[in-house]
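Enquirer: Show me how the following folds:
(one chain, ligands or ions: 1)
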Amino acid sequence: MSIPSSPRRRPWPLLPSSRRTVRSVVDGAGVPYRFCSSSKIALRNALVALGCPGTNVLLPSYLPPGVVEPFHELDVEPRFYRVADDLSADVADAEARLDDETSAIVVVHYFGFPQPRLDEIRALADRHDLAVIDNNSHSTLSRRDGRLLGTFGDVGFTSLHKTLPVPDGAVLYFNGPCVDPTERLPLTGVRDRYTCDDYRYCAGAAASSAGSVGEAALELLDCLRNGDNKPYVPPSDDPLGEYQRSKVRMSKLSSTALTRIDPVAVTVNRRAAFARWHHHLSDDDRFAPVFEHLPPGVCPWFYPVVADDPASLVESLAGAVSAFAWPTLPSGVRGDPDYRAENERSRRLVLLPAHQDMTPRDVDHLAARVR
Ligand SMILES: Cc1ncc(COP(=O)(O)O)c(C=O)c1O
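Expert: Residues are numbered from 1 along each chain as shown. Next up, the predicted model:
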């Protein structure tokens, strides 16, 4: 069974060229940037640009393992600082772990919500002469005080494929004087032609929403602009292989789609789905929402909830949507008693989909299965 379908939409007319698109949002940040195929590759480039190889870098302990692959490859020692239950950084713990060889600190905005300790992390970095790497992998369109997340660090980045209907991609922002934005960086830029993967993505997205081949072709434009999206698939259990495979330039399809996707529609729909999950689950004793409020400016990635019985929550939605516990922690954190709280949380924190193609009614149907 798939998500209860919403009424079939007609493909929208092409956006007029004056219309705001995701591409214009990224351009409007006013920060030099490069495209990469993924946030992992953006992070790799950030570590190189900041001269981190041979040093150690502080990063949050609450992460999927793939994020640490660039560290292993570049001989950067990851030092994991603790992350509290509200996903705020433990800045005192980070400070206790740094030494003369520490070159940078990574800050993460979880699920598109601004990291609550961002200012303290900036202050810590200034005190110890560290660069700040602003990891906003989770949501391209989220802002704090009107400014895009990912643009707060000396270097920062955001994944395009997590919250937008595109097959791959990330934006790497250069904000600080320690990076020369004109420097040549490997694995940045856009491929100059469409590939089989691009066509396969389009076919998959269209097939998931259209009944006939003719209609599928028309619906394709709609898929790229705002609506039908292949749901996010959690990383495989082969983080190294996945990292190696992403060592290519960003697809031409993602680059084209950015000039057609309506950022307001994506944000409005994602916020509505998030709010609907909250309406259904926030008063249910079996679940504790990670975020009690949805501040203005946030475009959420998922609706994360801590479940008493995560397996039965995941099971109740199986076959309808993909819900899963997150994350599989990196080695050095997974199973380490020093990070007991993170290990416990990663077993119980379940991500419920809040993507732009869902309507509040879809969420109602899904929530009914949970009860
Ligand atoms: C905090 C964080 N950073 C980076 C990444 C990697 O993103 P990408 O899949 O674009 O490489 C992830 C993946 O989930 C993540 O959660």
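Enquirer: tell me which parts of the stretch 151-300 of the chain are close to the ligand?
Expert: The stretch 151-300 of the chain comes close to the ligand at residues S159, A170, as judged by CB under 6 Å from any ligand atom. C-betas here are computed from N, CA, C, even on glycine.
Enquirer: Tell me how many other residues surround the residue in the stretch 151-300 of the chain positioned nearest to the ligand.
Expert: Of all residues in the stretch 151-300 of the chain, S159 sits closest to the ligand, at 3.5 Å by CB to the nearest ligand atom. Using other CB atoms under 10 Å, S159 has 27 other residues around it.
Enquirer: now do C202
Expert: Other residues near C202 come to 20 when the count uses other CB under 10 Å.
Enquirer: Which strand or helix spans it?
Expert: Mapping C202 onto the secondary structure by DSSP states H and E places it in helix 196-207.
Enquirer: just checking, what packs against that helix?
Expert: For helix 196-207, the contact count by 3 or more CB pairs under 8 Å, 6 or more residues apart in numbering; DSSP states H and E identifies helix 213-225, helix 252-258 as packing neighbours.
Enquirer: which residues in the stretch 201-350 of the chain form helices?
Expert: Across the stretch 201-350 of the chain, reading from the start of the chain, the helices by DSSP state H, counting those that start in this stretch fall at 213-225, 239-245, 252-258, 263-281, 310-317, 340-348.
Enquirer: ok, back up a step: mean pLDDT lowest for which of the helices and strands packed on helix 196-207?
Expert: Within these, the stretch with the lowest mean pLDDT is helix 213-225, showing a mean of 47.
Enquirer: hang on, isn't V106 packed against L130?
Expert: No. Taking CB atoms under 8 Å as the contact criterion, V106 and L130 are not neighbours in contact, 10.2 Å apart.
Enquirer: Return every residue with contacts to both of these two.
Expert: Where contact means CB atoms under 8 Å, 6 or more residues apart in numbering, the residues bridging V106 and L130 through contact with each are L58.
Enquirer: More neighbours: the two, which one.
Expert: Between V106 and L130, counted using other CB under 10 Å, the more crowded position is V106 (26 against 22).
Enquirer: Just want the most central residue of this protein.
Expert: Among the residues of the chain, the one closest to the centroid is H138, at 2.0 Å (CA atoms, centre = their mean).
Enquirer: and that residue, what does it touch?
Expert: Counting by CB under 8 Å, 6+ apart, the residues that H138 touches are V108, H109, Y110, F111, G112, T158, S159, K162, T163, W301.
Enquirer: so how many other residues sit close to the closest residue to the fourth one other than its chain neighbours?
Expert: Going back to what we said before, that points to F111. The spatial neighbour of F111 that comes closest, neighbours along the chain excluded (CB to CB, 6 or more residues apart in numbering), is W301 at 4.7 Å. Other residues within reach of W301, judged by other CB under 10 Å, total 26.
Enquirer: you'd agree W301 is up against H161?
Expert: No. Counting by CB under 8 Å, W301 does not reach H161; the two are 11.2 Å apart.
Enquirer: Is it possible to get JSON lines of the helices of the stretch 201-350 of the chain that adds distance to P360?
Expert: Putting those into JSON lines (distance: least, CB to CB, whole Å) gives the following:
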{"stretch": "helix 213-225", "distance to P360": "20"}
{"stretch": "helix 239-245", "distance to P360": "33"}
{"stretch": "helix 252-258", "distance to P360": "25"}
{"stretch": "helix 263-281", "distance to P360": "4"}
{"stretch": "helix 310-317", "distance to P360": "17"}
{"stretch": "helix 340-348", "distance to P360": "26"}
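Enquirer: As a check, name the ranges of all helices in the stretch 1-150 of the chain.
Expert: Along the stretch 1-150 of the chain, the segments classed as helices by DSSP H, counting those that start in this stretch run 22-28, 39-49, 69-74, 91-97, 118-128.
Enquirer: quick one: which of the ones you listed is nearest the ligand?
Expert: helix 39-49 (3.3 Å).
Enquirer: CA-only coordinates of that closest one in PDB, if you can.
Expert: Output of helix 39-49 as PDB, limited to C-alpha atoms (Å, rounded to 0.1, in the frame of the first residue of the first chain):
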ATOM      1  CA  SER A  39      26.900  17.100   1.600                       C
ATOM      2  CA  LYS A  40      29.600  14.500   2.300                       C
ATOM      3  CA  ILE A  41      31.500  15.900  -0.700                       C
ATOM      4  CA  ALA A  42      30.800  19.500   0.400                       C
ATOM      5  CA  LEU A  43      32.200  18.600   3.800                       C
ATOM      6  CA  ARG A  44      35.200  17.000   2.200                       C
ATOM      7  CA  ASN A  45      35.900  20.200   0.300                       C
ATOM      8  CA  ALA A  46      35.300  22.300   3.400                       C
ATOM      9  CA  LEU A  47      37.900  20.300   5.300                       C
ATOM     10  CA  VAL A  48      40.400  20.700   2.500                       C
ATOM     11  CA  ALA A  49      39.800  24.400   2.000                       C
END
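Enquirer: List of residues touching it?
Expert: Surrounding helix 39-49, the residues in contact under the criterion CB under 8 Å, 6+ apart are 34, 36, 53, 57, 66-67, 69-71, 73-74, 76, 104, 106, 133, 135, 137, 155-159, 170-172, 174, 178-180, 183, 185-188, 242-243, 246-247.
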